[in-house]
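Undergrad: need a 3D model of the following:
(2 chains)
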Amino acid sequence: SAVISQKPSRDICQRGTSLTIQCQVDSQVTMMFWYRQQPGQSLTLIATANQGSEATYESGFVIDKFPISRPNLTFSTLTVSNMSPEDSSIYLCSVSPPGQSTGELFFGEGSRLTVL
Amino acid sequence: GQSLEQPSEVTAVEGAIVQINCTYQTSGFYGLSWYQQHDGGAPTFLSYNALDGLEETGRFSSFLSRSDSYGYLLLQELQMKDSASYFCAAPIYNQGGKLIFGQGTELSVKP
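TA: The predicted model follows:
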């Protein structure tokens, strides 16, 4: 298993500002993902954070809005830029255990952002 | 495209059995996962079916039928603490464990 710490756990932000969320894993992992969960909704994949290269974004998400860093195998950041109330969501960091896919991801506790 | 469909909500009484269904349309399908999420918490992994059939883990079981593009999560001896959202999810083939999630089923367990 992996223990994932996210910071901040929650924040209230003003429209037009940016916020960076940090994700720290207690072991080295190859695959790290960022998900968004809007109120009462499911989890939507934003991007895969790649170590040493640019993140891979899903349809509907762009680097200018959600820049991601992955400086090493245990840490990543997601920035939500130029926020609007529509960005109010829980942002979740997740990692895949090494080896063959078992359909299992480990999730952090999430960062709950409210944009006013 | 890829999609997983689940009922939006299910209600059951304590001690009962409930089944949450999931139908999917995915390319390169190779398994179905289930996650539980309590309000305000992180999703936690429950089970994964790579092959057809039933997988049992304590009070929870999960079933997969590839020919029907269908699976379900079965919860037995329901407890109040089982009230949560349940998501089916499918790994994307050759994408390093990336998952696509269904819309989630909110389970309410009544006394």
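Undergrad: does the closest residue to residue B:21 other than its chain neighbours sit in a helix or strand, and which one?
TA: Distances taken as C-beta to C-beta, 6 or more residues apart in numbering or on different chains place residue B:72 nearest to residue B:21, at 4.8 Å, with adjacent residues excluded. Every C-beta, even on glycine, is put in place using the N, C-alpha and C of the backbone. For residue B:72, the element it lies in under DSSP states H and E is strand B:70-75.
Undergrad: what's the average pLDDT for whichever helix or strand comes after that strand?
TA: Counting by DSSP H and E, the element after strand B:70-75 in chain order, helix or strand, is strand B:84-91. In this model, strand B:84-91 has a mean pLDDT of 95.
Undergrad: which helices and strands does strand B:84-91 pack with?
TA: strand B:3-5, strand B:18-25, strand B:32-37, strand B:70-75, strand B:99-101, strand B:105-110 (3 or more C-beta pairs under 8 Å, 6 or more residues apart in numbering or on different chains; DSSP states H and E).
Undergrad: a markdown table for these, including mean pLDDT and mean neighbour count?
TA: Below are the helices and strands packed on strand B:84-91 laid out as a markdown table (pLDDT from 0 to 100; neighbours: other C-beta atoms under 10 Å in any protein chain shown):
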| stretch | mean pLDDT | mean neighbour count |
| --- | --- | --- |
| strand B:3-5 | 93 | 16 |
| strand B:18-25 | 96 | 18 |
| strand B:32-37 | 96 | 24 |
| strand B:70-75 | 97 | 21 |
| strand B:99-101 | 92 | 23 |
| strand B:105-110 | 97 | 17 |
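Undergrad: who are the neighbours in contact with residue A:111?
TA: By C-beta atoms under 8 Å, 6 or more residues apart in numbering or on different chains, the residues touching residue A:111 are A:6, A:7, A:8, A:9, A:10, A:11, A:21, A:90, A:91, A:92.
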